[in-house]
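# below are the sequence and a predicted model for it; my questions follow.
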Amino acid sequence: MNDLTKETLLRLNAARSAFPGSARLGLATIQRWRMKGVRGVFLETCLIGGTRYTSQEAIARFISAQNAADAPATPTITASQRRKQSEAARTELQRMGVSR
């Protein structure tokens, strides 16, 4: 976790307008993102003197982490591609003398 106090702090109410897009987010949305997260990614916040803050940098990390989580880990293959790979492997095994 990063030290938010060394970053550009924003009260959560001000952070509503700091996210990209033309629509201003609801405060409940910001609270949900910090408490429950989105796809396992949480918005970093800190409490200073009874007031909850986030930062411009934390918002950027939050958005980047969500997009990284969306990226497919492995390419998906279709059933026909899998079948062709299986047949090729079976043929290769038979050629090597390893067959059932």
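Alright, I've got the coordinates.

# where do the helices sit along this protein?
Remark: helices assigned in the chain by DSSP state H are 12-15, 27-35, 56-70, 79-95.

# avg pLDDT for the last one?
Yep, that's helix 79-95 we're talking about. Here helix 79-95 scores 89 as its mean pLDDT.

# before we move on, the earlier item: take the helices of the chain and write them to a markdown table, including mean neighbour count and distance to Gly49.
Using the backbone N, CA and C atoms, a C-beta is placed for each residue, glycine as well. Rendered in a markdown table, the data for those read as follows (neighbours: other CB atoms under 10 Å; distance: least, CB to CB, whole Å):
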| stretch | mean neighbour count | distance to Gly49 |
| --- | --- | --- |
| helix 12-15 | 16 | 14 |
| helix 27-35 | 15 | 18 |
| helix 56-70 | 15 | 18 |
| helix 79-95 | 10 | 58 |
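
# export those as JSON lines, with columns for distance to Thr5.
Listed next are these as JSON lines, based on distance: least, CB to CB, whole Å:
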{"stretch": "helix 12-15", "distance to Thr5": "15"}
{"stretch": "helix 27-35", "distance to Thr5": "16"}
{"stretch": "helix 56-70", "distance to Thr5": "11"}
{"stretch": "helix 79-95", "distance to Thr5": "51"}
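
# so for Ile48, which of those sits nearest?
helix 12-15 (11.8 Å; CB to CB).

# what does that closest one contact?
Here helix 12-15 makes contact (CB atoms under 8 Å, 6 or more residues apart in numbering) with Leu25, Leu27, Ile30, Gln31, Arg34, Thr45, Arg52, Tyr53, Thr54, Ile59.

# again, only this time at 10 Å
With contacts defined as CB atoms under 10 Å, 6 or more residues apart in numbering, helix 12-15 is touched by 9, 18, 25, 27, 30-31, 33-34, 43, 45, 51-56, 58-59.
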